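1. Here you go, sequence then predicted model.
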Amino acid sequence: MSSTDWTLVVHGGAGIIEQGTLTPEQETAIRGALARALEAGADILRAGGAALDAAEAAVRVLEDDEHFNSGRGSVFTYEGRIEMDAAVMDGRNRDAGAVTGVTATRNPVSLARRVMEDSPHVLLSREGADRFSREQGIEQVGPDWFEVPERRRQLEELKARGADHFDVEMKYGTVGAVARDKAGHVAAATSTGGITGKRWGRIGDSPLIGAGTYADDRAGAVSATGSGEFFIRAVVAHEICARARLANQDVLSAARATITDMGALGGTGGVIVVGPDGRGGWAFNSKGMYRGKAASGQDPVVALYGEE
C-alpha cells in the first residue's frame, strides 16, 4: 500500500454470536452502528487526520449505542452498578492512557485520551478517574443514560441461575477501533462495561496496555474483546505486536497465532489489528464477532457471524 493509504477496523464484541441469536431488528441496528462508527473514523482519515482521532471517533459512536457493552448499554456489576473501562494508545510514541471503574463519563474513551494527554499517568481508577473526568470538564451523565433494560435483565438472569460473579454465557460487547493514517501512524482504542455480574472491582484486559489495547508504529495496533482474564494472561495485544516486530510476521498472521495460543489456555474472543503497511483485519476463535473495516479505495465491510 502507498503512503497515502489509510485503514480503519472496528469491533463491537465477540462471543456466542450465531445466526438466529439476534432478532432482525437487533441485527439491523448493530450493522448500522458499526457502519456509522466506520464512517466517523473514515471521514477523519480521508481528510488526512490522525489515526488516534479516527479510532477515538469510531469508539465514541459505539459507546453511545445501547447495543454494545460500553458507555450506554454497559453491563451491570453484581451489585447493580455500572463501572466502565477504556484505553487508548498512540503508535507514534507509544503514549497511552486508560481508566477503569468510571461511573459517570459519557464517553470513557475520551477520558482515557485525556489521561494520556493531560496527566502524568497512564491508568486512573474508580473515584480518582471520576474526579479527574469532572476536573477536566468532560461530559458527565447520570445512571439513566447508561442503564438499559436488557442489561438489567441479563443481571437478573445470571443471579437466578445461581451464578455469583461471572457471565457464563461468554457474551462480550466490548468495542474498539484501530487505525492507520495517511502518515503511516497507527493507534488503538478500546472501551467496555466489563462482564455482567463482575465483583470485587474486577478489571479486565481492555484498559490494560499490552493485554487488550496496544499500538506501536513499528508493528501495528490491536484492540481485543473476549474473556479478559485469558487475554491478560497471554498479554495478547503486545504479543501480536512482538511477533510482528521481532519475528517478522505480518500482523494478521501474528494475530491468528496469538489467538490460537490464548485459546489453548481456555480463552475465547478476538482482536482487530492494523499494520504500519495499512493491512488490517481480525482474528477470533468465538462463534462470531461484531466487526467492520474501511480503507482507502475499498468499500466498507461489516460482519457479525463467523461464516461471514
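-> Nice, thanks for sending it over. Residues are numbered from 1 along each chain as shown.
2. hey, let's count contacts and neighbours off CA atoms from now on
-> Will do.
3. Please name the residues that touch Tyr270.
-> I think there's a mix-up here, since residue 270 is Gly and not Tyr. 14, 224-226, 259, 282-286, 289 (Cα atoms under 8 Å, 6 or more residues apart in numbering).
4. Show me where the stretch 1-150 of the chain dips below the pLDDT cut-off.
-> Within the stretch 1-150 of the chain, the ranges that satisfy pLDDT under 70 run 1-4, 16, 18.
5. and if we set it to 50?
-> 1-3 (pLDDT under 50).
6. Show me the one in the contacts of Gly270 that has more neighbours than the rest.
-> Ala224 (35 neighbours; other Cα atoms under 10 Å).
7. out of the contacts of Gly270, which are inside strands?
-> Counting by DSSP state E, the contacts of Gly270 place 14, 224-226, 282-284, 289 in strands.
8. Which parts of the stretch 101-250 of the chain are strands?
-> With DSSP state E, counting those that start in this stretch as the criterion, the stretch 101-250 of the chain has strands at 123-125, 175-180, 186-192, 213-216, 220-226.
9. do you know which of those lies nearest Val88?
-> strand 186-192 (4.3 Å; Cα to Cα).
10. which neighbours does the closest one have in its sheet, and in what orientation?
-> Strand pairing for strand 186-192, determined by DSSP bridges: strand 84-90 (antiparallel), strand 175-180 (antiparallel).
11. what's next to the lengthiest helix in the chain, contact-wise?
-> Longest helix of the chain, by residue count under DSSP state H: helix 24-46. Helix 24-46 is contacted from outside by 6-12, 50-51, 53-62, 65, 67, 181-182, 290-296, 300, 302-304, using Cα under 8 Å, 6+ apart.
12. Just the buried ones from those, in PyMOL syntax?
-> Selection of buried members from these for PyMOL, criterion 16 or more other Cα atoms under 10 Å:
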select buried, resi 6+7+8+9+10+11+12+50+51+53+54+55+56+57+58+59+60+61+62+65+67+181+182+290+291+292+293+294+295+296+300+302+303+304
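13. Check the contacts of Gly270 for the minimum pLDDT and say which it is.
-> Minimum pLDDT for the contacts of Gly270 is recorded at Ala14 (85).
14. Val222: how many residues sit nearby?
-> Neighbours of Val222 using other Cα under 10 Å come to 38.
15. wait, doesn't it sit right on Tyr214?
-> Yes: counting by Cα atoms under 8 Å, Val222 does reach Tyr214; the two are 5.3 Å apart.
16. what do those two both touch?
-> Residues within reach of Val222 and of Tyr214 at once, by Cα under 8 Å, 6+ apart, are 188, 237, 241.
17. Tally up the residues packed near the last one, please.
-> Read it as Cys241. Number of residues near Cys241 (other Cα under 10 Å) recorded here: 30.
18. I'd like to know how far Asp130 sits from Ala237.
-> 26 Å (Cα to Cα, to the nearest Å).
19. How about Asn285?
-> Counting by Cα to Cα - Asn285 and Ala237 are separated by 15 Å.
20. Ok, Gly49 next?
-> Distance, Gly49 to Ala237, by Cα to Cα: 24 Å.
21. the more surrounded of these two?
-> Neighbour count, other Cα under 10 Å: between Gly49 and Ala237, Ala237 has more, with 31 against 17.
22. In contact with the more buried one, which residues are there?
-> Contacts of Ala237 (Cα under 8 Å, 6+ apart): 209-214, 222-224.
23. quick one: which of those is nearest Glu83?
-> When the contacts of Ala237 are compared against Glu83 (criterion: Cα to Cα), the nearest one is Gly212, at 17.1 Å.
24. wait, doesn't that closest one sit right on Ala221?
-> No: counting by Cα under 8 Å, Gly212 stays clear of Ala221, with 10.6 Å between them.
25. neighbours around Asp277, how many?
-> If you count neighbours by other Cα under 10 Å, Asp277 ends up with 22.
26. my guess is it meets Ala183, correct?
-> No: assessed by Cα under 8 Å, Asp277 is found out of contact with Ala183, at 10.6 Å.
27. Let me know the pLDDT of Arg151.
-> 85.
28. Would you mind giving both backbone torsions of the residue nearest to it when sequence neighbours are not counted?
-> Excluding the flanking residues, the one nearest Arg151 by Cα to Cα, 6 or more residues apart in numbering is Val75, at 5.4 Å. Taking degrees, to the nearest 10, you get phi -80, psi 170 for the backbone angles of Val75.
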